[in-house]
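**Student:** how does the following fold in three dimensions:
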Amino acid sequence: MTVLLFCRSRERINRTLHTVTKNELPALKNWLEQFLPDSFMLYGTVRETLQGRWSASTYLTLGWPEILAAGEGEADPASPCQPYLSDPRSTSVFSPHSQHLEELLLWPGYLDWSRPIDFRAVGNKMTPTYQKVARAKGGNTRVLHYLLFGANKAQISPLPVPEDLKLSHLDPDLHTDYVVSNWPHSRENTHVYIRELLQHLPNVGLFDRAGECIGFVLGKEHGAIGMAHVRKPYRGRRLATIMDSHLAQKYFCDELPVFALTLKVNKPAMRVLSSSGLKEMSSADWIVYYTGDEGESRIKIGR
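**Tutor:** The predicted structure follows:
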């Protein structure tokens, strides 16, 4: 009888919502690491927070120190990115078990289901759970299907840069506007988000002899490389592949693997990633929750 009561007590403790402190982040990262690649998005964001390169996210868990599920809380109000990440609410939520995922999604006060929510790259095995909760809340979902690519240092070598171009780091003061104007998912408050990425996370740009930027690839807050752009006159020269290979080296210098996400229908991007040395690892879904008409689901989300 004593053992039974103890187990029930532990069960109640595991059902508390815990705010993760800075000192507890390594334990959260270790828990998420067990479930890669399905936990990639939340794992990568925690990893970048621990690296000191991202400070906008807060983290909650269902249970502590025994974790059942984990997710991003409201964006830190002290971060310049708070307006961008809050409209729509952008979050990653993960659990290896659907019942614990559902419990966290429905936890009172955790998410405002009356407004759109951008669920970032969830393991597609859990997509039905998100859709079940969305229906229960009277809303709908739009699901975008992605592939996750990854590589370690042994798989990617830096490719030679053409003689007429120069590879360099992007300057947030000089290049934020250029990146925003060439990223198709830009929306209100994107400038502050891009500026934070350029200030704190790895990136590479290609420049012509006049010093004009003609292409870029950025590291993002969830640990993946992306947002690749090459100016039209320079396309067809494998420049995105070259930039990917050099940006990967910046992660390898920190003894980190490199990841990338692309839509399953984006065959050109898949070819670039494969030619860069990244290998397909798994599938993931990007889920937009909305309560209004179909047009509300078309809100531009960061990918």
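**Student:** please count neighbours and contacts with C-alpha atoms only from this point.
**Tutor:** OK.
**Student:** ok, which stretches of the stretch 51-200 of the chain are strands?
**Tutor:** Ranges of strands in the stretch 51-200 of the chain, per DSSP state E, counting those that start in this stretch, are 59-62, 69-72, 89-91, 93-94, 117-123, 140-151, 166-168.
**Student:** elements contacting the third one?
**Tutor:** Read that as strand 89-91. Where contact means 3 or more CA pairs under 8 Å, 6 or more residues apart in numbering; DSSP states H and E, strand 89-91 is packed against strand 117-123.
**Student:** next, the angle from the strand it packs on to strand 140-151.
**Tutor:** Angle, strand 117-123 to strand 140-151, by axes from the mean of the first three to the mean of the last three CA atoms, to 10 degrees: 40 degrees.
**Student:** now for strand 117-123, which elements pack on it?
**Tutor:** helix 40-50, strand 89-91, strand 93-94, strand 279-290.
**Student:** still on that earlier bit, reformat the strands of the stretch 51-200 of the chain as TSV; add mean pLDDT.
**Tutor:** Conversion of the strands of the stretch 51-200 of the chain to TSV gives the following (pLDDT from 0 to 100):
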stretch	mean pLDDT
strand 59-62	98
strand 69-72	98
strand 89-91	96
strand 93-94	97
strand 117-123	92
strand 140-151	95
strand 166-168	97
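**Student:** low-scoring stretches of the stretch 201-303 of the chain, by residue?
**Tutor:** In the predicted model of the stretch 201-303 of the chain, residues 294-303 satisfy pLDDT under 70.
**Student:** before we move on, the earlier item: just send the strands of the stretch 51-200 of the chain back as CSV, with distance to L256 too.
**Tutor:** Shown next, in CSV, are these (distance: least, CA to CA, whole Å):
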stretch, distance to L256
strand 59-62, 22
strand 69-72, 22
strand 89-91, 23
strand 93-94, 21
strand 117-123, 20
strand 140-151, 10
strand 166-168, 21
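**Student:** and for S282, nearest residue in space, chain neighbours not counted?
**Tutor:** Once flanking residues are discounted, S282 sits nearest to L148: 5.3 Å by CA to CA, 6 or more residues apart in numbering.
**Student:** and that neighbour, what does it touch?
**Tutor:** 259-262, 280-284 (CA atoms under 8 Å, 6 or more residues apart in numbering).
**Student:** about what we covered before: which of the helices and strands packed on strand 117-123 is buried the deepest?
**Tutor:** Compared across the helices and strands packed on strand 117-123, strand 93-94 shows the largest average neighbour count, a mean of 26 (mean count of other CA atoms under 10 Å).
**Student:** partners of that one in the sheet?
**Tutor:** With DSSP bridges as the test, strand 93-94 is paired with strand 69-72 (antiparallel).
**Student:** gap between the partner strand and the chain center?
**Tutor:** 14 Å (CA atoms, centre = their mean, to the nearest Å).
**Student:** can you redo the helices and strands packed on strand 117-123 as TSV with distance to D254?
**Tutor:** Formatted as TSV, the helices and strands packed on strand 117-123 follow (distance: least, CA to CA, whole Å):
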stretch	distance to D254
helix 40-50	11
strand 89-91	26
strand 93-94	25
strand 279-290	20
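**Student:** for L218, find the nearest of those.
**Tutor:** L218 lies closest, by CA to CA, to one member of those: helix 40-50, at 13.7 Å.
**Student:** ok, back up a step: ok, so what distance separates the residue nearest to S282 from H229?
**Tutor:** According to CA to CA, to the nearest Å, L148 and H229 sit 19 Å apart.
**Student:** got the domain boundaries for the chain?
**Tutor:** 2-146+285-298, 153-284 (automatic domain parsing).
**Student:** remind me, longest helix of this protein?
**Tutor:** In the chain, ranked by residue count with DSSP state H as the criterion, the top helix is helix 239-253.
**Student:** returning to what we had before: run through the bridge partners of the residue nearest to S282.
**Tutor:** Going by DSSP bridges, L148 forms beta bridges with L261, S282.
**Student:** quickly note the distance from it to I225.
**Tutor:** 11 Å.
**Student:** if we can go back for a sec, just the closest of the contacts of L148 to Q131, please.
**Tutor:** For the contacts of L148, the residue nearest Q131 by CA to CA is A284; the value is 14.6 Å.
**Student:** list the contacts of that closest one.
**Tutor:** Contact analysis of A284 by CA under 8 Å, 6+ apart lists 38, 121-124, 145-148.
**Student:** if I look at it, how far off is L60?
**Tutor:** Going from A284 to L60 by CA to CA gives 22 Å.
**Student:** show me which pair in the contacts of A284 is furthest apart.
**Tutor:** Maximum distance among the contacts of A284 (CA to CA): 13.8 Å, for D38 and H145.
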